[in-house]
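**Q** Here is a sequence with its predicted model. Questions after.
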Amino acid sequence: MPFTIGLTGNIACGKSTVAGILAEQGALVIDADKVAHQVMAPPGPVFDALVAEYGSAILSAEEAIDRKKLGAIVFSNPAALRRLDQIVHPATSAEIRKLVGNAVEPVVVVEAIKLIESGTYRICDSIWVVTCTREQQIERLIAKRGLTSADAERRVDAQTGLAEKLAHANVVIDASGTLDDTRLQVDAAWSTVVKPNITNV
């Protein structure tokens, strides 16, 4: 089995940036959000369960899940968000486990915002948590995803607190500074945490 890094943190905190730096080091990056998108695609049991739960109003013109429509429902309703997680997480976690098991790379990174909450962290050898300020999260959501300030705040506030993630952390990366600052932290963690556990990277 590869050495598996669980990479997490709240929305727009810099996880993808850290994942990109790890990919440059030769790691295979598994993006849990992309895996979730795949398991939600029709036809399939997750797709059917989502339509049964939220109705056909969440579908696009192509009869697929419209993630913007679904997001508008769940990010303003904590109960609806919990139900979404209950439907999507098990299938996503199972698929991630398969991908890790089939990997030929010596290091795999599982990038997942709900790594801890979904239980996927249990297959990881090291948990890395990326942080930044709440203000930066909101600014990044507005700039990169075109959200309004109110929508960005709702997305940030819908997340579970960072404390649970930090309680599981082996490595904390502060992505509130420059890209160079972040890269220095990732490179240091790679040298001290990853390299001693692998032989061919």
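**A** Happy to help now that I have it. Quantities reported herein were computed from a predicted structural model and do not represent experimental measurements.

**Q** Counting by contacts, list what the one helix or strand in the chain whose mean pLDDT sits lowest packs against.
**A** Least confident element among the helices and strands of the chain, by mean pLDDT, DSSP states H and E: helix 149-158 (a mean of 90). Other elements packing on helix 149-158 under the criterion 3 or more C-beta pairs under 8 Å, 6 or more residues apart in numbering; DSSP states H and E are helix 134-145. C-beta coordinates here come from the backbone N, C-alpha and C atoms, glycine included.

**Q** Just the buried positions in the helix it packs on, please.
**A** Residues 137-138, 140-142 are the ones in helix 134-145 that count as buried (16 or more other C-beta atoms under 10 Å).

**Q** what's it in contact with?
**A** With C-beta atoms under 8 Å, 6 or more residues apart in numbering as the test, helix 134-145 has contacts from 10-13, 147-149, 151-153, 155-156, 176.

**Q** Which positions within whichever helix or strand Lys68 is part of qualify as buried?
**A** Using DSSP states H and E, Lys68 falls within helix 67-74. By 16+ other C-beta under 10 Å, the buried positions in helix 67-74 come out as 70-71, 73-74.

**Q** got a list of what the residue nearest to the spatial centre of the chain touches?
**A** In the chain, the residue lying closest to the centroid (C-alpha atoms, centre = their mean) is Ala112, at 2.3 Å. With contact set as C-beta under 8 Å, 6+ apart, Ala112 has these partners: 6-8, 32-33, 96, 118, 120.

**Q** Now with 10 Å, please.
**A** The contact partners of Ala112, by C-beta atoms under 10 Å, 6 or more residues apart in numbering, come to 6-9, 15, 30-33, 35-36, 89, 92-93, 96, 118, 120-121, 124.

**Q** Sweet, I'm off.
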